[in-house]
Structures are given as structure tokens and as C-alpha cells.
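Student: Based on what follows, work out the 3D shape:
(one chain, ligands or ions: 2)
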Amino acid sequence: MAEAQAFVTLATTDAYSMGCLVVGKSLRRHGTSRKLVAMVSPNVSRASRLALEDVFDEVVVVDVLDSRDQTHLTWLRRPELGVTFTKLHCWTLTQYSKCVFLDADTLVLCNVDELFEYEELSAAPDPGWPDCFNSGVFVFRPSLNTHTQILEHTAQHGSFDGGDQGILNTFFSDWAVKDIRKHLPFVYNLTAGAIYTYLPAFQQYGHHAKIVHFLGGTKPWHLSYDPQAANESSLRDSSKNFQQFMNLWWVEYYSQRQLQFKKDDKNEDYSAQQLVSPQTHQTPSQSQKSSTEAHHKEMMMPSLPLTLDSLTISSSSSEKSEESNILFDVLSGGETEETPTVVSPPSEQESELTEPETTDDSATATGEAAAAETEVDDLEHRRMWEEGRADYMGKDAFNNIMRKLDLFLD
Ligand SMILES: O=c1ccn([C@@H]2O[C@H](COP(=O)(O)OP(=O)(O)O[C@H]3O[C@H](CO)[C@@H](O)[C@H](O)[C@H]3O)[C@@H](O)[C@H]2O)c(=O)[nH]1
Ligand SMILES: [Mn+2]
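Tutor: Ligands and ions are numbered 1, 2, ... in the order given. Below is the predicted model:
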């Protein structure tokens with residue numbers, strides 16, 4: 001019997017592949033010891049697949065299953081969700097004994113390997129109808145038998161919402177009442193909507209968030225990075241919080257470090273590797289570099305009006321705090337020469353990433369000196385960050401991040 005365990009995600013388009021990339025990178029950042037699997041449909045471009053192969057242990061091609069259930073999907077006002085039936089193929093991954101499925105629109109904020117202690121089918125309540133579970137994050141056991149049963153169930157009963165969530169909730173129909181141990185805490189599937197509907201609860205418990213889920217029609221890849229928006233005084237607090245998660249998604253999207261770990265240390269203990277300081281990293285080989293560059297050129301990217309690699313935080317000793325070190329870690333994100341610098345907004349005709357412009361030498365030099373100075377502290381703080389003890393969702397941490405970004409961008 002298979003012993004290995006894996007996190008699994010899915011993309012049937014290049015846009016959702018961007019989401020998968022962030023899911024994979026955020027899992028690696030937090031030192032998961034489990035395998036990473038991306039299921040993609042045959043129409044996903046080669047460039048997207050290559051990018052995913054940099055991060056995931058396996059990129060598995062699966063056929064698209066489509067509900068074509070327009071009536072129900074129209075109720076949900078999401079005609080595109082029929083394709084989420086494809087998710088049901090995750091039960092065929094029988095090379096793994098247990099898996100955790102993560103929607104492509106999720107972002108992992110700390111190590112969540114403890115999810116593998118849960119049994120099939122464990123999931124968090126859906127905020128819209130808490131007696132249903134949300135199918136964006138769930139624990140399952142691959143089994144061809146279960147796969148067939150679910151497909152038969154689907155053929156017979158359809159899906160009450162037109163998507164996979166409707167099917168899975170009627171298939172695992174006793175989830176609401178049978179076994180409370182199969183109810184994942186909401187912090188494993190914190191939906192953006194909950195921030196709006198119950199802000200005081202978010203303020204009380206939000207800093208325990210472990211996985212954010214950008215449920216709904218607007219995904220992070222539809223919006224661009226906007227450090228100002230999160231500080232807009234006219235915005236309600238809930239919108240600010242949402243924007244901050246959105247910005248964090250972009251920071252992860254552009255981070256480079258995980259790619260090197262995957263390439264250099266495939267199948268090694270990533271958490272141990274991540275304790276290595278940036279200065280002692282092996283320089284990425286030319287082939288790695290060109291594959292990453294190719295990915296950046298070929299992947300469709302919305303505009304990112306930000307110079308991420310220049311965002312090295314100059315931390316004067318008086319300013320040193322856990323948050324600023326974490327920020328250093330998040331934003332510096334790896335070898336500077338590899339990260340795209342200035343990303344110009346794509347023109348109407350051209351959706352590809354525009355060639356990076358030259359970096360401001362003096363800014364980079366100052367940044368590097370500061371980075372070297374704080375190396376020792378960075379290691380310790382990085383370790384805490386990797387262990388998920390960073391609490392960067394805490395108010396101060398986030399304010400600090402936004403303040404630093406604003407300072408830089410001014
Ligand atoms: O064109 C698509 C649409 C979806 N997906 C995948 O399917 C997942 C679910 O779609 P998503 O757009 O994330 O749906 P949600 O907005 O999260 O809506 C809810 O409803 C869906 C349909 O029931 C469930 O799959 C979700 O888990 C549930 O959160 C995505 O994350 C992707 O992994 C694709 O690959 N291509
Ligand atoms: Mn989703």
C-alpha cells in the first residue's frame with residue numbers, strides 16, 4: 001500500500017496555473033515535508049507546465065470533466081465552475097495514501113502538514129452555508145473505488161450547485177453531524193468573504209489564519225499588486241485586510257527562492273534547506289536561470305508596478321524587529337539577479353511580461369549591505385518564519401509590511 005502523502009491542486013487554464021504556482025511556492029516556503037502534485041488539463045500551456053514543474057514534484061495531466069449543468073451554475077452565477085468536476089480526479093492519485101486538496105486560489109501562510117492527521121473527508125465549513133463544507137481545502141484518501149462511486153453518484157444525482165462542492169457535500173452527506181473531528185478549523189480555509197461578513201471575528205482570530213482562500217469570481221491574478229490600496233483611508237477595514245492578503249499573494253507569486261530549493265535539492269528536506277542563508281546558497285545554474293526566465297517571459301502576467309528585488313529592507317539596528325526581518329525574507333525572495341525588476345504594464349495586444357528594466361545600482365548596493373549586516377538575525381527569524389511562528393498576519397506585522405512598501409515606493 002502507498003505510504004506517501006501529498007498536497008494536490010488543480011488548474012485547467014493558464015490563469016489558474018498562476019494560482020497553483022502560488023499554492024506550491026507557499027507550501028515550500030513553509031517547509032512542507034509532503035509531496036506536491038499539480039493536476040492540469042491538456043490545454044494548459046507548455047510554459048505553465050514547465051513553471052509548475054519547477055515547484056511541484058508531479059504535474060499530472062487529467063481530462064477535463066465538465067458538468068454542463070447550466071441551470072445550477074446560473075443560480076450560482078458562475079458559469080465557469082462546471083469544470084471543477086475535474087477536481088474529482090484527485091481520487092485517482094493512488095500512489096499516495098492520503099492527500100490534502102487545495103484550490104488553486106488558496107495561499108498557505110504557515111506549515112500546515114498537521115492536516116495529514118485528519119481523516120477523509122475532513123474540510124472546513126462553507127461560510128455561506130456552514131452545514132456544507134467548502135471544497136477548497138479537504139483531506140482525502142485516493143481510491144479508484146471511491147472515485148468510481150463519486151462519479152456514479154454524480155451521474156445519478158448531479159450537483160446542487162453545479163460544481164464539485166455540491167457533489168462532494170451530497171456524497172459525504174453526513175459531514176455536518178457525524179464526526180466533529182472531520183471539521184477543519186476555519187483558519188485552514190479562511191475565505192475572504194468572512195472578513196466582510198464578520199469583521200470582529202476576523203480581528204479576534206484572523207492572526208491565526210493558516211490558509212487564505214480567494215473564493216468567488218475575483219481572483220488575485222485578476223487584480224494587480226497595489227500597496228497603496230491597503231492603506232487607503234477611505235477603505236473599510238475589511239477591504240484593507242482583503243487587499244493585504246491579495247498583496248501577499250503577489251509577493252509569493254514573484255518570490256524566487258523556492259524554485260532554487262526545488263531544483264537543487266529535489267526530494268530533500270526543504271525545511272532544513274531553508275535555514276541556509278541567502279549568501280551561502282549555490283548560485284543557480286545557467287539552465288535553471290534560463291528556465292525561470294523563460295517562465296517569466298512566457299507566463300501571462302498582469303502588471304506589477306513594483307520592483308520586488310529592490311525591496312531589500314534596509315534595517316537600521318533601531319528598526320530591527322521580527323517583522324522587518326520576515327519582510328526581508330518575503331520580499332527579497334532569493335537571488336536578486338534572477339527576479340524581474342521593473343515590470344511595466346502590458347500593452348493591450350501584449351499580455352506577456354515586458355523585459356525587466358535595469359535595476360538602480362545604488363539602491364541595490366545599499367540593500368545588499370543591509371542584508372549582509374542582518375544575516376545572523378535573518379537566519380533566526382527565517383527559522384521562525386519557516387516554522388510558521390512568524391505571526392505576520394498580526395496587525396503590526398502587516399502594518400509594518402505596508403509601511404515598508406510605502407517607504408520604498410515613495
Ligand atoms: O476554470 C477553472 C475553474 C476552476 N478550476 C479549479 O477548480 C477550483 C475551484 O474553482 P474556484 O474558482 O476556486 O471556485 P471558488 O470560487 O472557490 O468556489 C466554490 O465553488 C466551487 C465549485 O463547487 C468549488 O470548487 C470551490 O472549492 C468553492 O470554494 C480552482 O481553485 C481551480 O483549482 C480550474 O482549474 N479552472
Ligand atoms: Mn476556490
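Student: and residue 84, that one's in a helix?
Tutor: Yes - counting by DSSP: H, G, I helix; E, B strand; the rest coil, residue 84 is found in a helix.
Student: Tell me where the model's unsure across the chain.
Tutor: Applying pLDDT under 70 to the chain flags residues 1, 67-80, 226-236, 257-410.
Student: Residue of it closest to ligand 1, please.
Tutor: Of all residues in the chain, residue 163 sits closest to ligand 1, at 2.3 Å by C-beta to the nearest ligand atom. The C-beta positions use only the backbone N, C-alpha and C, and glycine is treated the same way.
Student: Relative to ligand 2, which residue of the protein is the closest?
Tutor: Nearest residue of the chain to ligand 2: residue 103, at 3.4 Å (C-beta to the ion).
Student: okay, now that residue: neighbour count?
Tutor: By the measure other C-beta atoms under 10 Å, the count of residues near residue 103 is 24.
Student: Now for it: which residues touch it?
Tutor: Taking C-beta atoms under 8 Å, 6 or more residues apart in numbering, we find residue 103 in contact with 9, 10, 19, 23, 135, 136, 137, 213, 215.
Student: sec struct for the second one, please.
Tutor: It stands for residue 10. At residue 10 the chain is in strand, as set by three-state DSSP.
Student: Correct me if wrong: it contacts residue 16.
Tutor: Yes - with contact defined as C-beta atoms under 8 Å, residue 10 counts as touching residue 16 (7.4 Å).
Student: Please identify which of those two sits among more neighbours.
Tutor: Remark: of residue 10 and residue 16, residue 10 carries more neighbours, 27 against 22, as counted by other C-beta under 10 Å.
Student: Could you report the distance from that one to residue 93?
Tutor: 11 Å (C-beta to C-beta, to the nearest Å).
Student: Could you list every helix and strand that whichever strand or helix holds residue 238 packs against?
Tutor: Residue 238 is part of helix 237-254, with elements assigned from DSSP states H and E. If contacts are counted by 3 or more C-beta pairs under 8 Å, 6 or more residues apart in numbering; DSSP states H and E, helix 237-254 sits against helix 14-29, strand 106-108, helix 192-197, helix 199-205, helix 322-332, helix 395-409.
Student: related to what we said a few turns ago, okay, now the residue of the chain closest to ligand 1: neighbour count?
Tutor: Per other C-beta under 10 Å, the neighbour tally for residue 163 reads 23.
Student: Surely it and residue 85 touch.
Tutor: Yes - judged on C-beta under 8 Å, residue 163 makes contact with residue 85 at a distance of 7.5 Å.
Student: wait, does the biggest strand by length in the chain make contact with ligand 1?
Tutor: The longest strand of the chain (DSSP state E) is strand 129-140. Yes - contact of strand 129-140 with ligand 1 (C-beta under 6 Å from any ligand atom) involves 134, 135, 136.
Student: still on that earlier bit, angles on the backbone of the residue of the chain closest to ligand 1, please.
Tutor: Reported as degrees, to the nearest 10, the phi and psi values for residue 163 are phi -120, psi -180.
Student: Could you report the separation of it from residue 57?
Tutor: The value you get for residue 163 to residue 57, if C-beta to C-beta is used, is 27 Å.
Student: go on, residue 151?
Tutor: Residue 151 sits 26 Å away from residue 57, taking C-beta to C-beta as the criterion.
Student: Next, show the common contact partners of residue 10 and residue 16.
Tutor: Jointly contacting residue 10 and residue 16 under the rule C-beta under 8 Å, 6+ apart are residue 104.
Student: shouldn't residue 192 be in contact with residue 245?
Tutor: Yes - look at residue 192 against residue 245 with C-beta under 8 Å: they come within range, at 6.8 Å.
Student: Show me whatever sits in contact with both of these two.
Tutor: Common neighbours of residue 192 and residue 245 (C-beta under 8 Å, 6+ apart) are 212, 214.
Student: Show me which residues of the protein are close to ligand 2?
Tutor: 103, 105, 136, 215 (C-beta under 5 Å from the ion).
Student: Excluding covalently adjacent residues, which one is nearest to residue 81?
Tutor: Nearest non-adjacent residue to residue 81, counting by C-beta to C-beta, 6 or more residues apart in numbering: residue 163, 4.1 Å away.
Student: Next one: the one you found from residue 247, what distance?
Tutor: Separation of residue 163 from residue 247 (C-beta to C-beta): 28 Å.
Student: could I have stretch 28-38 exported to CSV, CA atoms only?
Tutor: Output in CSV follows, covering the C-alpha atoms of stretch 28-38 (Å, rounded to 0.1, in the frame of the first residue of the first chain):
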residue,chain,number,x,y,z
ARG,A,28,7.5,25.0,0.1
ARG,A,29,8.2,28.3,1.8
HIS,A,30,6.8,26.9,5.0
GLY,A,31,8.9,23.7,4.7
THR,A,32,6.3,21.0,4.0
SER,A,33,7.7,17.5,4.1
ARG,A,34,5.0,16.2,1.8
LYS,A,35,5.0,15.8,-1.9
LEU,A,36,3.4,18.4,-4.1
VAL,A,37,1.1,17.4,-7.0
ALA,A,38,-0.5,19.7,-9.6
